[in-house]
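# Here is my input, please return the structure:
(3 chains)
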Amino acid sequence: MSKLQQAIDNLHEADREAGKRSGKSRIHPVSRLLVCVAYIGIVVSFPKYDVTGLLGMSLFIIITGILEDLSFIKGFQRMKYILAFVVLLGAVNPFLDKRIVMQTGGVTVTGGMLSMMTLFIKGVLTVYAAYFMFMCTGIEQLCRALRCLKVPKGAVTVVLLIYRYIIVLLKEIQRMSLAYRLRAPGQKGIHIKVWGSFAGLLLLRSMERAQNVYDSMLLRGYDGEFQYEILGQEKTGKGLGAVYAAGWIGIFLLLRCVPVFQMAGNIFLSIGQ
Amino acid sequence: MHMADALLAPAVAGTMYLCSGAATGYSIKKVRALNEPEKIPVMGVMGAFVFAAQMINFTIPGTGSSGHLCGGMLLSAILGPEAGFLTMIGVLLIQCLLFADGGILALGANVWNMAFYGCFLGGMVIWSRMMKKGMSKRKIMAASVIGCILTLQLGALSVSLETLASGVTELPFGIFVGVMQPIHLAIGLVEGLITAAVLIFIYEARPKMLWRYEPSGQTEGKFSQRKTVGILAVTALVIGGLFSLAASALPDGLEWSMEKVSGSTELTAAGEAYETAAKIQETTALLPDYGFKTGESAAGTSFSGIIGAVVVIGLCVLCCYGLKLFKRKKQKEEAV
Amino acid sequence: MVELDHLTFSYDGNREVLSDISFDLKAGETIGLIGANGAGKSTLLKILAGLLTDYKGQAKIDGLDVNKKNLAAVRKKTGYVFQDSESQLFLSTVYEDVAFGPRNYGCVGKELEEKVMSALKQVHIEELKDRPIYRMSGGQKKLAAIATILSMEPEVILFDEPSVGLDPKNRRNLINIINGISGLKIIASHDLDMIFDTCNRTILIEKGKLICEGETEKILTDQRLLEKSGLELPLSMQKRDV
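This is a model prediction of the structure:
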């Protein structure tokens, strides 16, 4: 049940980070979301041999991580599931694309090697971008951003409710699994005979809970239209958010269009000579 | 099955967002028209259930491994396809934020590959058709298994196509599909069985909870039921088996047929496909490429470029830490 | 304030969960509703809250019949504190959850804030207002759940097993808070000591039938009556006997 424990840990971590920042972050969540999407979009748009350009894009991740006090290690730990497939796919490229694209000082670099590298870097950077964005905003602020972007209230409410009840159900599964394991030592998972009843009972209880939640809403005047605001932060000035978004997106575009590092490298090398 | 952002080109990701967006718009309209205010809390709690239930390890007998539940199929069997689809989007969004399972840019593609096929094909077509004339344990079993296999086969095929169109891998299409389809045939079967086990349990305990359940419709002709199951099973096997077998067991056959049709072998055919994909990407990419200019640098990667990157990143890290130290000092002074 | 007249209810049309229950409760009273597991306490509360309307007989709140037509008005007058606080608190922070009810009744701005803060003050958790629900303890969740009801200023508050899962200190705190709330309160519970400390009148039901109704002190000290209905003397009484 390591994945279960990890899920609970991830939730707690997200809460902690959001708690640390609640009321302190002065950047509007919409700006953070836009910057994140723009970043990911620009990162994946890099051509498959452009390792240098992608390295430049890592600046955003590094700066955000350090300044926001976020853990690079925890971010990396999250990648193991999703990156397995990326690594698998990327690892075959050197064997299939043997075109020589670069020769420096006796080292031959093939296209496949470069495209493998870019794929890995893209994988790592995009996961970090989403992880950092979520850690900086938290689910409520993110949902607030979605509302600002005109996502229907019902849909946002469903997301909030899912998030709200995940931890409740995860802990329930944890208790059920523990009770199961204590009576079935040596079994790794749930035996086929109880597949249906194990998850089914949890499902029935979840439905009962849904009924209670609905009753509780009804008793407080719910009539199909959700009347609530996602907690607003007075401090998040739209102005600062706009500057943040415009600044970063401008930098991303610059890094995408102009070989900044190439130029910098040339300058350093010429100084060296 | 979750795709990472890195596997997708922006144009492909955008296209998939458009496709999923259309399905979302349709679903929102449908759910609104139904006007069932009690659906919202049920969607929320069921979404959390699907998320949490995917953490349960169901042991597959005779193997050391374990399987999971198929969310799309389960949700549509309880909430109906449209509400199920919307709930799945919420689940996928939270999975990508909390677990890095999938990505923000890849969300459109993931919604399509998993939620769309699961809810609209698995739920709207298969479940709804099969339960039209009454429910039974056997029918639930058949619908779940067939639905899950079809869902996963189409999902896996979409993953292959999307990756191919994005041009990130050098793998020939045939091999890629040949690996993906059989693996997902097995996963689909297991997911189908688990989903069926849960749904059958619900059917016995609280049948009213299931979508399309009608208490009176229990006595229907056995023949028609068998026929439906038969037709659907054959379809599932044909679709699942076709991709798997044609691509994996008969790679020569595929090559041979390609040669016959186009006059070239598979590899060049695949190469062409990549070139077209690359061209599409280039023309649709946000910005033009650079690189390919000096003799020493190729496609944007060069020795001097890497030196530049290392130096600039190093400087940047130093500046950040400096700034942070300065900030802390200032905070301390303020606190004093 | 609350009138029941020959109230009978069944979920499936066969087995009667409540049969022929009549009583009359006045504003300002605190009523203990006691009975063994499955006696029908929760069902009775749900009928009073207007969640179950297919009953026979009559149920009135403040002169209004509890039926589908009057549902909105009845629900505005009653508040229901669920046994499981987790189901009651569905929004992300305490403030939002407490504000949910008043907002649904069109309350906004300063007035809303005042209502929310006064509700939080009554249960002494003002400092938790921005806390996400999932970072609260069981006792805090219970108080927050009560605040969500208080903010709507109902005339009748129904409590379903309010002291379940609370440690002695939190339980004592809860008793003090309940005693501080004005209006008609109906508390369904097995925790007879708490009933003893909060309620002036008690109703005992067994298998859906009203067994007796009267002063709390009288009923909770009647060992034979309690044991016949599957209950025991409150612990504090038992100790006195020893």
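# Now the one helix or strand residue C:21 maps to: buried residues?
Counting by DSSP states H and E, the element that carries residue C:21 is strand C:18-25. By neighbour count with 16 or more other Cβ atoms under 10 Å in any protein chain shown, strand C:18-25 contains the buried residues C:18-19, C:21, C:25. Using the backbone N, CA and C atoms, a C-beta is placed for each residue, glycine as well.
# Repeat that for stretch C:181-197.
C:181, C:183-197.
# Number of residues surrounding residue A:251?
18 (other Cβ atoms under 10 Å in any protein chain shown).
# tell me how far the helix or strand encompassing it is from the chain's mean position?
Assigned by DSSP H and E, residue A:251 belongs to helix A:238-257. Relative to the centre of its chain, helix A:238-257 is centred 20 Å away, using Cα atoms, centre = their mean, to the nearest Å.
# pLDDT (mean, whole number) over it?
Average pLDDT, helix A:238-257: 88.
# touching chain B at all, that helix?
Yes - using Cβ under 8 Å from any Cβ of the partner chain, helix A:238-257 reaches chain B at A:253, A:256-257.
# and that helix, what other elements does it pack with?
Applying 3 or more Cβ pairs under 8 Å, 6 or more residues apart in numbering or on different chains; DSSP states H and E, one finds that helix A:238-257 contacts helix A:29-44, helix A:51-67.
# Spell out, range by range, the strands that occur in chain B.
Along chain B, the stretches classed as strands by DSSP state E are B:58-59, B:66-67.
# Residue C:200: neighbouring residues, count only.
If you count neighbours by other Cβ under 10 Å, residue C:200 ends up with 12.
# hang on, it packs against residue C:216?
Yes - in this structure, residue C:200 is within contact of residue C:216 by Cβ atoms under 8 Å, at 6.1 Å.
# Please enumerate the shared neighbours of those two.
Overlap of the contact sets of residue C:200 and residue C:216 (by Cβ atoms under 8 Å, 6 or more residues apart in numbering or on different chains) is empty.
# Contact partners for residue B:31?
A:154, B:39, B:82-83, B:86.
# picking up where we left off before, of the buried residues of strand C:18-25, which is the nearest to chain B?
Comparing the buried residues of strand C:18-25 against chain B with Cβ to the nearest Cβ places residue C:18 closest, at 23.0 Å.
# Confirm residue C:57 sits in a strand?
Yes - judged by DSSP: H, G, I helix; E, B strand; the rest coil, residue C:57 forms part of a strand.
# need the residues of chain C near chain A, please.
Within chain C, the positions near chain A by Cβ under 8 Å from any Cβ are C:46, C:49-51, C:72, C:75-76, C:78-80, C:82, C:84, C:86-88, C:90-93, C:95-96, C:99-101, C:103-105, C:130, C:132-135, C:148-149, C:152.
# What are the boundaries of the helices in the stretch 101-250 of chain B?
Applying DSSP state H, counting those that start in this stretch to the stretch 101-250 of chain B gives helices spanning B:107-110, B:128-131, B:137-166, B:173-205, B:222-244.
# list the contacts for the nearest residue to residue C:238 once chain neighbours are set aside?
Excluding the flanking residues, the one nearest residue C:238 by Cβ to Cβ, 6 or more residues apart in numbering or on different chains is residue C:232, at 7.4 Å. Applying Cβ under 8 Å, 6+ apart to residue C:232 gives the contacts C:192, C:226, C:238.
# Residue ranges in the stretch 51-200 of chain A under the pLDDT threshold?
The stretch 51-200 of chain A contains residues with pLDDT under 70 at A:104.
# which stretches of it form strands?
Remark: strands assigned in the stretch 51-200 of chain A by DSSP state E, counting those that start in this stretch are A:100-104, A:107-110.
# With chain C instead?
Here chain C has its strands, by DSSP E, at C:2-9, C:18-25, C:30-34, C:56-61, C:64-65, C:78-81, C:156-160, C:184-188, C:201-206, C:209-215.
# any idea of the mean pLDDT for the fifth one?
The predicted model gives strand C:64-65 an average pLDDT of 90.
# So what touches that strand?
The contact list for strand C:64-65 (Cβ under 8 Å, 6+ apart) reads C:58-59, C:70, C:73-74, C:77.
# how deep is residue 206 tucked in, by neighbour count?
I went with chain A, as the question did not name one. Neighbour tally, residue A:206, other Cβ under 10 Å: 22.
# ah, I was thinking of chain C
A total of 19 residues lie near residue C:206 under the criterion other Cβ under 10 Å.
# Number of residues surrounding the residue nearest to it when sequence neighbours are not counted?
Of all residues not flanking residue C:206 in the chain, residue C:229 sits nearest, at 4.3 Å (Cβ to Cβ, 6+ apart). Number of residues near residue C:229 (other Cβ under 10 Å) recorded here: 18.
# What residues does the residue of the stretch 101-250 of chain B found nearest chain C make contact with?
Nearest to chain C in the stretch 101-250 of chain B, going by Cβ to the nearest Cβ, is residue B:208, at a distance of 12.3 Å. Counting by Cβ under 8 Å, 6+ apart, residue B:208 makes contact with residue B:215.
# Leaving out the residues flanking it, which one is nearest to residue B:207?
Nearest to residue B:207 is residue B:213, by Cβ to Cβ, 6+ apart, at 5.1 Å.
# I'd guessed that neighbour sits against residue B:128; true?
No - using Cβ under 8 Å, residue B:213 is not in contact with residue B:128, being 11.5 Å away.
# what residue ranges in chain C score low on pLDDT?
C:239-242.
# interface residues of it facing chain B?
Residues of chain C found near chain B (Cβ under 8 Å from any Cβ) are residue C:90.
# The chain: helices as residue ranges?
No chain in the question, so chain A it is. A:2-21, A:29-44, A:51-67, A:72-77, A:80-91, A:93-96, A:111-148, A:153-183, A:195-218, A:238-257, A:260-272 (DSSP state H).
# ah, no, chain C please
In chain C, the helices defined using DSSP H lie at C:41-49, C:71-77, C:85-88, C:94-104, C:109-122, C:138-150, C:168-180, C:192-198, C:216-220, C:223-228, C:235-241.
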